[in-house]
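Q: Here is my input, please return the structure:
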Amino acid sequence: MIKILLRIVHAQKETREGKRIPYRVVSGATGVNISVISDWMNNKVSLIRKDVLETFCRYYEVKPGDILVLEDN
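A: Next comes the predicted model:
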């Protein structure tokens, strides 16, 4: 099963920047809808769009493997 770790990546960015980053700020900076961000944050994505993944990677300055991991069932 693929697990989405965007919540962890988001928390790490908040720690680096020393401030809370609301989803609306992420949405404004990336152009990704807040509901899509929420789905990714809560691991409720059934279709992983490459453009959204790339956008998150650029915003959070990480690689896809930092956001997506394959876990054994």
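Q: would you list every one of the strands in this structure?
A: Using DSSP state E, the strands of the chain run over 2-4, 68-70.
Q: which other residues reach the last one?
A: Read that as strand 68-70. Under the contact criterion CB atoms under 8 Å, 6 or more residues apart in numbering, strand 68-70 has outside partners Met1, Ile2, Lys3, Ile4, Leu5, Ile48, Leu53. No exception for glycine: its C-beta is placed from N, CA and C like everyone else's.
Q: most surrounded residue in those residues?
A: Taking other CB atoms under 10 Å as the neighbour criterion, Ile4 ranks highest of these with 20 neighbours.
Q: Contact partners for that residue?
A: So Ile4 contacts Trp40, Asn43, Val45, Ile67, Leu68 (CB under 8 Å, 6+ apart).
Q: per-residue confidence at it?
A: Ile4 carries a pLDDT value of 96.
Q: That one bridge partners, please.
A: Beta-bridge partners recorded for Ile4 (DSSP bridges): Leu68.
Q: separation between it and Gly65?
A: Look at Ile4 and Gly65: by CB to CB, to the nearest Å, they are 12 Å apart.
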